[in-house]
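Undergrad: Fold the stuff below for me.
(chains A and B)
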Amino acid sequence: MTRGHRWMASLSVFGLGLAAMMSSGAGAVAGAGEFTRPPYAGAYEPQGVDERGLWMQLDEYERRFRDSPAILRDETLTAYVHGILCRTVGADRCGAMRTYIVRDESFNASMAPNGLMVVHTGLLARVHSEAELAAVLGHEFAHFERRHSLGRFRKGRSTADALAWISLAGAVSRTSFASTGNSLIIGFVSYGRDQESEADALSAQLVRASPYRLRASGIWKRLVDEQDALRKERGLRKIKHLTPGLLDSHPPEMQRFAFFAKQEGEAGDVGEDRRDPYKEATAPYLRDLFDPLIKGNDFAGADYVIRSRGDALGWDAQLYFLRGELYRLRGNPRDLATARGFFQQAVVQPLAPPETWRGLGLCAMRLGDRTDGQASLAEYLKRSPNAGDAAAIRLLVEN
Amino acid sequence: MVRAGLYTALLGLFSLAMATPAPAGWKLLAAKQPVQVGTMVVTPTADWNQAGARPGKQGVAWTQDGFGLNGLEFFAAVPSGLPLYRERSAKQNPMPRFDSTMLLPDLTDFFERSFRVQNNLTDFAVESSEPASFGGHAGVVVRYRYSLPNDELKRRGVARLAVVGKQLFVGNFYGPELHYFPTGLPQAEAIMESARF
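TA: Residues are numbered from 1 along each chain as shown, chains lettered A, B, ... in the order given. Purely as a prediction, here's the structure:
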């Protein structure tokens, strides 16, 4: 699925075309060794026709996008994510950014040239610490700093110009220049990949200069494992994660993993992970973060994401409940029994959501255990008497 | 000469074919005429258009102003083990399948997941799900709201589902919250009331 504007830079293979990041008064990045952020020069105005045009387009897009029903409008969570961005890139730079959290199961974040940053709930579900999130947000900010959208736009324009002239020459001389045209297109796509690698490199430097530990390689490794699990479930051919395809918009995951692993080796043990604060901050929103995953149709992928969060941050009632829902919704007889097990593990933990008893009751009833099922459903009605489906559940309890 | 004659004949045939354009399978359903949808009989209260492309093997899709503005779907006798909507790719995008052992709340979940996959939604919320009658049989009515990806328009829908003889029957009406859904809702409810199976 595509989301967002053509000119927004996005993080991963699920993303759209690149957007140029408008940098605000950035200076050159220092070479190897000490990385110091150049001083922030203040409000930046777009310069040149191209840049002004891009900003105008993205401003118009943001004006519409701001009212989108897909945005998760929670001030606490948005402020939390924005705060991580500020701690990564510096409070002076992050003041001009606007952060939006969007309900989407894909692992993606996007940054627009005019300072609009979009973070998908799928991304928040898949990272396990503030440090990991910082690496991702740093990558997006790096696109912004380096004005990648503008560069991409200009490169695309010159590529299209060259293609047009070449096809005209071909028509005049009656020869086919298709292979030249293809090479030009491939060159344009690989330019985008180089931009992504540059953004990765700059994000590593940004995180190393921040209070966070550089912890990004794990994200890419887990993404590879998730995709492999999904493809194994569906019986699809495994994709190679090491070499980029000709038309891939991003470098492959294992290449990014290798790059970050090397950087982390060099960075050593400096900085903090902040896993527990991340766990606590996202705990109240777990249902919102995982809902698109669970209600989508990627069973193996969703199961992997839930399991990896549980293994990394610990299993609590909500996570057991979510895993139970995933299995219950697939609904094969063995799944119902498995789901029942997860729900039973959830109810003994503190702060189990009321819907846990709903899930437990429905599984029990479909497995043929009426008394148990009705008891659980009655408990659900007691805890959540004004639920949207209370009437339907009451019918099951009373018959 | 023979070649010229053949050419003229082909031209004549071609122009004849172009004179009556084929409207890609659309059918006009006149008001108050009962329509047979599989084993279900539905009577529209006004003129509706039936699309040539079916949303699923056992379903039909009707619209008055275009599917972006109002859509009315009926599915008759979906058997156990089959999806509601047509599965476009079993490997890349599998559809959830109906199971005759599903209870009423499971039907709500099944409809939610089917509608989500069919329309590629990430923003979908069930507002309420209550027991109701559909075609004279006990079933469930699901009221929901959603929005399409990259679209800021809020949309709403109401679906009625019932299981009769281990087969699923569904009636679903959806449209934008702005004018089309509230205005079209009474008529859609009346048409769904008229369904018999």
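Undergrad: for residue B:46, helix, strand, or coil?
TA: coil (DSSP: H, G, I helix; E, B strand; the rest coil).
Undergrad: give me the element the most centrally placed residue in chain B is part of.
TA: Chain B has residue B:73 as the residue nearest its centroid, 2.4 Å off, counting by C-alpha atoms, centre = their mean. Assigned by DSSP states H and E, residue B:73 belongs to strand B:71-78.
Undergrad: I'd say the residue nearest to the centre of chain B and residue B:170 touch.
TA: Yes - if you go by C-beta atoms under 8 Å, residue B:73 and residue B:170 touch, sitting 7.1 Å apart. (C-beta placed from N, C-alpha, C; glycine too.)
Undergrad: Next, show the common contact partners of these two.
TA: residue B:59 (C-beta atoms under 8 Å, 6 or more residues apart in numbering or on different chains).
Undergrad: What's the first helix or strand after the least confident helix or strand in chain B by mean pLDDT?
TA: When the helices and strands of chain B are scored by mean pLDDT, DSSP states H and E, helix B:2-19 comes last with a mean of 60. Going down the chain from helix B:2-19, the next helix or strand is strand B:27-29, by DSSP H and E.
Undergrad: What residues does chain B have near chain A?
TA: Contact residues, chain B versus chain A (C-beta under 8 Å from any C-beta of the partner chain): B:91-96, B:99, B:101-106, B:108-109, B:112-113, B:116-117, B:120, B:122-124, B:126-131, B:140, B:147, B:149-152, B:154.
Undergrad: all strands of chain B, in order?
TA: B:27-29, B:35-37, B:40-42, B:48-50, B:59-63, B:71-78, B:123-134, B:137-147, B:155-164, B:167-176 (DSSP state E).
Undergrad: What count of nearby residues applies to residue A:85?
TA: The local packing of residue A:85 (other C-beta atoms under 10 Å in any protein chain shown) involves 23 other residues.
Undergrad: which residues does it contact?
TA: Counting by C-beta under 8 Å, 6+ apart, residue A:85 makes contact with A:94, A:97, A:99, A:117, A:134, A:137, A:141.
Undergrad: does it sit in a helix, a strand or a coil?
TA: Secondary structure state of residue A:85, per three-state DSSP, is helix.
Undergrad: Run through chain A and note the low-pLDDT ranges.
TA: Low-confidence segments of chain A (pLDDT under 70): A:1-3, A:12-43.
Undergrad: ok, the one helix or strand residue A:311 maps to near chain B or not?
TA: Using DSSP H and E, residue A:311 sits within helix A:299-313. No - applying C-beta under 8 Å from any C-beta, one finds helix A:299-313 separated from chain B by no less than 8.7 Å.
Undergrad: Going by neighbour count, which residues of that helix are buried?
TA: Using 16 or more other C-beta atoms under 10 Å in any protein chain shown as the test for burial, helix A:299-313 gives A:299, A:300, A:301, A:302, A:303, A:304, A:305, A:306, A:308, A:309, A:312, A:313.
Undergrad: likewise stretch B:187-197?
TA: Applying a neighbour-count criterion of 16+ other C-beta under 10 Å, one finds B:187, B:188, B:191, B:192, B:193, B:194, B:195, B:197 buried in stretch B:187-197.
Undergrad: Now do the contacts for the residue lying closest to residue B:119 once chain neighbours are set aside.
TA: Closest residue to residue B:119 apart from its sequence neighbours, by C-beta to C-beta, 6 or more residues apart in numbering or on different chains: residue B:148 at 6.6 Å. When contacts are counted by C-beta under 8 Å, 6+ apart, residue B:148 touches B:119, B:120, B:121, B:155.
Undergrad: circling back to that earlier point, tell me which of the buried residues of stretch B:187-197 is nearest to chain A?
TA: Among the buried residues of stretch B:187-197, residue B:192 lies closest to chain A (C-beta to the nearest C-beta), at 17.8 Å.
Undergrad: Next one, pLDDT for that closest one please.
TA: Per-residue pLDDT puts residue B:192 at 94.
Undergrad: Give the bridge partners for the spatially closest residue to it that is not a sequence neighbour, please.
TA: Spatial nearest neighbour of residue B:192, chain neighbours left out: residue B:171 (4.2 Å); criterion: C-beta to C-beta, 6+ apart. Here residue B:171 shows beta-bridge partners residue B:74, residue B:160, assigned using DSSP bridges.
Undergrad: Report the separation between residue B:171 and residue B:84.
TA: Distance from residue B:171 to residue B:84, counting by C-beta to C-beta, to the nearest Å: 12 Å.
Undergrad: who touches both of those two?
TA: residue B:75.
Undergrad: Output the set of residues of the stretch 101-250 of chain A in proximity to chain B.
TA: Going by C-beta under 8 Å from any C-beta, the residues of the stretch 101-250 of chain A near chain B are A:103, A:104, A:105, A:234, A:235, A:236.
Undergrad: one step back: okay if I get the strands of chain B as a markdown table plus mean pLDDT?
TA: Shown next, in a markdown table, are the strands of chain B (pLDDT from 0 to 100):
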| stretch | mean pLDDT |
| --- | --- |
| strand B:27-29 | 92 |
| strand B:35-37 | 91 |
| strand B:40-42 | 94 |
| strand B:48-50 | 95 |
| strand B:59-63 | 95 |
| strand B:71-78 | 95 |
| strand B:123-134 | 92 |
| strand B:137-147 | 95 |
| strand B:155-164 | 96 |
| strand B:167-176 | 96 |
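Undergrad: looking at these, which is closest to residue A:69?
TA: Between residue A:69 and those, the shortest gap by C-beta to C-beta is with strand B:137-147, which sits at 4.2 Å.
Undergrad: sorry, back to before: may I have the phi/psi pair for the residue nearest to residue B:119?
TA: With angles defined as degrees, to the nearest 10, residue B:148 sits at phi -80, psi 150.
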